[in-house]
Every structure is written in C-alpha cells, then in structure tokens.
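Undergrad: Fold the following, please.
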Amino acid sequence: MTEPAAQQNQADISTLSYEQAREELVGIVKRLEAGNLPLEDSLSLWERGEALADRCQGWLDGARERLDKAREESSDEDD
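TA: Down below sits the predicted model:
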C-alpha cells in the first residue's frame, strides 16, 4: 500500500537541503503571485510552501544552535 500524497510530500521535504527547500519555495511564491491557478492548486501550493518554509526555518534554527554552542565553547576555552 502507498502513502497518501501529503505524507509523501512531507517525506521528500524532510530530505531537502536548505538551498533546495528555499529554491522550491521561491518558485512556489512566484507561481502563487502570478495567479491564474484554480483554487485547489493554489491551496496545495500554499500548503507545500508552508512545509518548505518550516524546513528552511529548521535548518536556520539548527545553524543558530551550532553557532551558539561554538561561541560558548570558545568563551569557555578563553577563561
């Protein structure tokens, strides 16, 4: 049995790098801003865009945590 489409989309988003997720998100925003899409397509794109934005935010949060940890370790060594 196959996964529902929403679960498959979430699974493939979870494998994207920050750059890949951001690039796809930019494309989705352009398509939504251009309009001319049926409502259902617009909603699907919006949902995927939200998931991509969450993925990008996760990458940024992880990077911030790593930087904070490195700064802490660096200041501990200076003491």
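Undergrad: Tell me the spacing between the spatially most central residue of the chain and residue 17.
TA: Residue closest to the average C-alpha location in the chain (C-alpha atoms, centre = their mean): residue 55, at 2.5 Å. Distance of residue 55 to residue 17, given as C-beta to C-beta, to the nearest Å: 9 Å. Placement of C-beta: from N, CA and C, glycine included.
Undergrad: repeat for residue 26
TA: Distance from residue 26 to residue 17, counting by C-beta to C-beta: 14 Å.
Undergrad: Kindly report the same for residue 27.
TA: Separation of residue 27 from residue 17 (C-beta to C-beta) stands at 15 Å.
Undergrad: Now the longest helix anywhere in the chain: average pLDDT?
TA: Ordering each helix of the chain by length in residues (DSSP state H) puts helix 39-78 first. In this model, helix 39-78 has an average pLDDT of 93.
Undergrad: what do you get for stretch 14-28?
TA: Here the average pLDDT along stretch 14-28 is 96.
Undergrad: Now it: buried residues?
TA: Within stretch 14-28, the residues that count as buried by 16 or more other C-beta atoms under 10 Å are 16, 21-22, 24-25, 28.
Undergrad: Restricted to helices, list these.
TA: Short answer: the buried residues of stretch 14-28 in helices (DSSP H) are 21-22, 24-25, 28.
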